[in-house]
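In: can you look at this prediction? I've put the sequence above it.
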Amino acid sequence: KAGVTQTPRYLIKTRGQQVTLSCSPISGHRSVSWYQQTPGQGLQFLFEYFSETQRNKGNFPGRFSGRQFSNSRSEMNVSTLELGDSALYLCASSGGQPANYGYTFGSGTRLTVV
Amino acid sequence: GENVEQHPSTLSVQEGDSAVIKCTYSDSASNYFPWYKQELGKRPQLIIDIRSNVGEKKDQRIAVTLNKTAKHFSLHITETQPEDSAVYFCAASMWVDSNYQLIWGAGTKLIIKP
């Protein structure tokens, strides 16, 4: 079956702009989580959505937001981009509670802010 | 706060030798411990996991051991090969601010020397 699909793969944006990233989970997976990964850094948890509701949230500013649609597809939005937002953004889906079953990750969207 | 400490941050071993990466967690109630491998430029992928009712689990050249008393778990890779070169992340399930989630270690860069 198809894996976790993220679009676009690469993005270049200017400081101050806003960006929307998209994620389609594995068919049947209702939990979608987002992570930020910067060079040399680990996996920083942004938030998790389940059945269109935000179930968990990490320690990121309010400029980072997300949503989930009825078909489980999810979008992440970053407003007023800063240079420090340059990172690989990974989407991950889970067939159950991620803390009990883990994730399948997508290939990520590499965002560069100039 | 709740956290997972992972050591070492970088590990260099000769091809054919064994590699061991250790993680320590803070919550005695943690019950799920996955390990992910992220090759350069690729997505993190689950390679093995263990639950708190099991002390050891093996899958070919990789194994994970869990010591609940000491609150640590380790990844063992035997007969290392060049394709084992990657960053490895451990994680543990925890309750954080009434949210049940996976908490990640900072990662270990494993280098296999030919």
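Out: In hand now; what should we look at?
In: how far away is the residue nearest in space to the middle of chain B from residue B:109?
Out: Centroid-nearest residue in chain B, with CA atoms, centre = their mean: residue B:90, separated by 3.5 Å. The gap separating residue B:90 from residue B:109 is 13 Å, by CB to CB, to the nearest Å. C-betas here are computed from N, CA, C, even on glycine.
In: please apply the same query to residue A:31.
Out: Applying CB to CB to residue A:31 and residue B:109 gives a distance of 29 Å.
In: neighbour-wise, which of those two wins?
Out: residue A:31 (23 against 16; other CB atoms under 10 Å in any protein chain shown).
In: tell me the pLDDT of the closest residue to that one other than its chain neighbours.
Out: Once flanking residues are discounted, residue A:31 sits nearest to residue A:94: 4.3 Å by CB to CB, 6 or more residues apart in numbering or on different chains. On the pLDDT scale, residue A:94 is placed at 95.
In: and for the one 5 residues further on?
Out: Residue-level confidence at residue A:99 comes out at 89, pLDDT.
In: for residue A:11, what are its contacts?
Out: Listed by CB atoms under 8 Å, 6 or more residues apart in numbering or on different chains, the contact set of residue A:11 reads A:19, A:21, A:109-112.
In: below-threshold pLDDT in chain A: ranges please.
Out: Within chain A, the ranges that satisfy pLDDT under 70 run A:1.
In: which element is the one residue in it that gets nearest to chain B on?
Out: The nearest approach of chain A to chain B comes at residue A:99, 3.8 Å away (CB to the nearest CB). Using DSSP states H and E, residue A:99 sits in helix A:98-101.
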